[in-house]
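[1] Predicted model and sequence follow; I will ask about them next.
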Amino acid sequence: MSDKTTAIDPVLEIERLAEAAAGLTFEQLPGDVVRLAKLCLLDWFGVAIAASQEPVVEALAQMSGTLPNGSTVLGRRESCDVPNALLINGTAGHLLDYDDVHTCIPGHVTVAIAPAVVSVGEALGSTGADMVTAFVTGFEAMCGIAGLLGEGHARAGFHPTATLGTFGAAVAVCHLHRAAPEQVRSAIANAATQAAGLRAAFGSPCKSIQVGRSSVNGHLSAQLALRGISAGLQAFGGRDGFVATHAGTTSASMQSSKGYFIRDVIFKFDASCFVTHAPIACIRSLRSTKKDMRLDTVRRIVVRVHPSARDICSIAHPTTALEAKFSIAHVLAMTLSGMSTQDIASFADTASFPALRPWREKVVLAYDPAMPAPRCSVSVEFDNGEIASASHDSEAVDLDMDRREHLLCAKFDALVSPVLDEGRTQALRAGLLELEHASDSHTLMSACRGH
């Protein structure tokens, strides 16, 4: 994306987006797009269910109360109204920071849209094909609006997953209701008045809660639009609208070069912030070739990253699991000491944090504006003067769909089986992989309920 201001009219662009979103049908979706949508949902269900017993989710569930025969709360026995289900499921899906990412945001996409698709689809009795199409519609709208805004939005301190997720959720809900283009436009205008989220919340539960709120606010924006209420598109693109007040630069990338933005989705296999993934990969590579990489042989570890990492992942000595996920030094200490960054239990083991301090203190973050954000280089300097280096680009997408599905199914089983019994885990996985054939979502959702 470029920060160069162009003559693009954001109101006109949203009108075009709304027209395309309202007209998209399942039959128009390429096979690989349908498959990726199902994998996104499979991954999100797994991560959300794994977090369903976390204290923050427990607190939200207690605050929401129980509504008999209401919307499903993933991994729990309670059911509640749609807005509260959106908040709980949306928060749970982001709490472990294990959900998919997309560099055009930059941030996460599925986690803001899937809760709305699932809960509204359940309430409406939508078919699986309808849910897949609504998900893709919301995904593409969220990424398109990210392209329109440009990179300045995130740099100004906003959390794009939460802010832009509000728009994606609103468009997805509209699609499930078969909204007309003018209703989709109104939903986007309404979402402009509801979108919120700050990067300052990173490392705290509020990062996930504001993502859950994006689903709630997107749903509200769509429901208002369906009832004829609109803030008007000037709320999005006018002088005092969302783009102008949220550091938007109206760049020219509302369309994906690959036809669909979802083709560039990146699935996470380390349970920490995406910015930490390239450094982890570098250390893994070096450990595989340097057998003597021990605490007593390493003098320091220099990690060259983009300066944006300073505000995201520079926590030197974390004290909580969430802080650990946003600490390059900590995840490298985990990797160097043999702890798995793919196991969510490793981050919850705060008793191990003091023992990792000597490794953390050897990590030096070097901020290089010339280093693209998803990439990094790592140099390990040894006491004997030797230097071992590696680099990695986390933006590279694995094009082998069968391998991606295999890895995601293994991740799903590991996350879900401790919460649901083995039979329901397998049934849920199979249902999600064949979602487009489901006549409705009720069987699928019944498999998600906790004991």
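    It's in.
[2] Below-threshold pLDDT in the stretch 201-350 of the chain: ranges please.
    250-253 (pLDDT under 70).
[3] quick one: the strands in the stretch 351-451 of the chain?
    363-367, 375-382, 387-393 (DSSP state E, counting those that start in this stretch).
[4] Tell me how many other residues crowd Thr319.
    11 (other Cβ atoms under 10 Å). (Each C-beta comes from the backbone N, C-alpha and C, glycine too.)
[5] Let me see the contact set for it.
    Thr350, Phe353 (Cβ atoms under 8 Å, 6 or more residues apart in numbering).
[6] and the helix or strand hosting Leu286, how far from the chain's centre?
    Assigned by DSSP states H and E, Leu286 belongs to helix 277-289. Its chain's C-alpha centre and that of helix 277-289 lie 24 Å apart, by Cα atoms, centre = their mean, to the nearest Å.
[7] need the contact list for the residue nearest to the spatial centre of the chain.
    The centroid of the chain falls nearest to His108 when counting by Cα atoms, centre = their mean (2.6 Å). Going by Cβ under 8 Å, 6+ apart, His108 touches His94, Asp99, Asp100, Val101, His102, Thr161, Gly165, Val211.
[8] Show me how the protein divides into domains.
    10-266+400-446, 274-393 (automatic domain parsing).
[9] got a list of what Met131 touches?
    Val117, Val118, Gly121, Leu176, Leu435, Ser441.
[10] Give me the pLDDT for Gly197.
    Per-residue confidence (pLDDT) for Gly197: 96.
[11] Nearest spatial neighbour of it, chain-adjacent residues omitted?
    Ala162 (2.6 Å; Cβ to Cβ, 6 or more residues apart in numbering).
[12] Would you map the strands across the chain?
    With DSSP state E as the criterion, the chain has strands at 71-72, 79-80, 298-305, 363-367, 375-382, 387-393.
[13] okay, those in TSV with mean neighbour count and distance to Gln342 next?
    TSV is the format used below for these (neighbours: other Cβ atoms under 10 Å; distance: least, Cβ to Cβ, whole Å):
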stretch	mean neighbour count	distance to Gln342
strand 71-72	24	27
strand 79-80	22	32
strand 298-305	20	20
strand 363-367	16	20
strand 375-382	21	19
strand 387-393	16	16
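[14] For Phe269, which of the ones you listed is the nearest?
    strand 387-393 (13.4 Å; Cβ to Cβ).
[15] for that closest one, packing partners?
    Other helices and strands packing on strand 387-393, by 3 or more Cβ pairs under 8 Å, 6 or more residues apart in numbering; DSSP states H and E, are helix 277-289, strand 375-382.
[16] now these in a markdown table, with distance to Gly203?
    Shown next, in a markdown table, are the helices and strands packed on strand 387-393 (distance: least, Cβ to Cβ, whole Å):
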| stretch | distance to Gly203 |
| --- | --- |
| helix 277-289 | 17 |
| strand 375-382 | 20 |
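[17] quick one: which of the ones you listed is nearest Leu29?
    helix 277-289 (28.9 Å).
[18] how far off strand 387-393 does the closest one point, in degrees?
    140 degrees (axes from the mean of the first three to the mean of the last three Cα atoms, to 10 degrees).
[19] hmm, who's touching helix 277-289?
    Contacts of helix 277-289 (Cβ under 8 Å, 6+ apart): 268, 270, 272, 293, 301, 303, 305, 328, 331-332, 335-336, 341, 374-378, 380, 388-394.
[20] Endpoint to endpoint, stretch 142-162 covers what distance?
    End-to-end distance of stretch 142-162 (Cα to Cα, to the nearest Å): 11 Å.
[21] The nearest residue to Ser272 once chain neighbours are set aside and Gly168: what is the separation?
    Residue nearest to Ser272 in three dimensions, not counting chain neighbours: Lys325, with 4.2 Å by Cβ to Cβ, 6+ apart. Distance check for Lys325 against Gly168: by Cβ to Cβ, to the nearest Å, it reads 23 Å.
[22] higher neighbour count, the two?
    Neighbour count, other Cβ under 10 Å: between Lys325 and Gly168, Gly168 has more, with 34 against 27.
[23] Touching, the more buried one and Gly144? I think so.
    No - using Cβ atoms under 8 Å, Gly168 is not in contact with Gly144, being 9.4 Å away.
[24] What residues sit buried inside stretch 318-328?
    Pro318, Ala321, Leu322, Glu323, Ala324, Lys325, Phe326, Ser327, Ile328 (16 or more other Cβ atoms under 10 Å).
[25] send the alpha carbons of that stretch over as CSV?
    Below are the C-alpha coordinates for stretch 318-328, written out as CSV (Å, rounded to 0.1, in the frame of the first residue of the first chain):
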residue,chain,number,x,y,z
PRO,A,318,6.6,-9.8,30.3
THR,A,319,4.7,-10.9,33.4
THR,A,320,1.5,-12.3,31.8
ALA,A,321,0.8,-14.7,29.0
LEU,A,322,-0.6,-11.9,26.9
GLU,A,323,2.4,-9.8,27.4
ALA,A,324,4.6,-12.7,26.5
LYS,A,325,2.9,-13.0,23.1
PHE,A,326,3.9,-9.4,22.4
SER,A,327,7.6,-9.8,23.4
ILE,A,328,10.1,-10.7,20.7
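[26] What is the distance between that stretch and the centre of its chain?
    The answer for stretch 318-328 is 18 Å, by Cα atoms, centre = their mean.
[27] And stretch 295-303, by the same measure?
    Worked out by Cα atoms, centre = their mean, stretch 295-303 lies 32 Å from the chain centre.
[28] Where do the helices of the stretch 51-200 of the chain begin and end?
    55-64, 82-95, 110-124, 128-149, 152-155, 160-176, 181-192 (DSSP state H, counting those that start in this stretch).
[29] Return the most buried member of those.
    helix 160-176 (a mean of 32; mean count of other Cβ atoms under 10 Å).
[30] Stretch 64-76: how far from the chain's middle?
    23 Å.
[31] what does that stretch contact?
    With Cβ under 8 Å, 6+ apart, stretch 64-76 has contacts from 45, 48-53, 57, 61, 78-82, 84-85, 87-89, 92, 118-119, 122-123, 419-420, 445-446, 448-450.
[32] Show the end-to-end separation of that stretch, please.
    13 Å.
[33] Now do the buried residues in that stretch.
    Ser64, Gly70, Ser71, Thr72, Val73, Leu74, Gly75, Arg76.
[34] Nearest to Pro358, out of those: which one, please.
    For the buried residues of stretch 64-76, the nearest to Pro358 is Gly75 (37.3 Å; Cβ to Cβ).
[35] Nearest residue to that closest one in space, please, no chain neighbours.
    In space, Gly75 is closest to Ser52, 2.9 Å off (Cβ to Cβ, 6+ apart).
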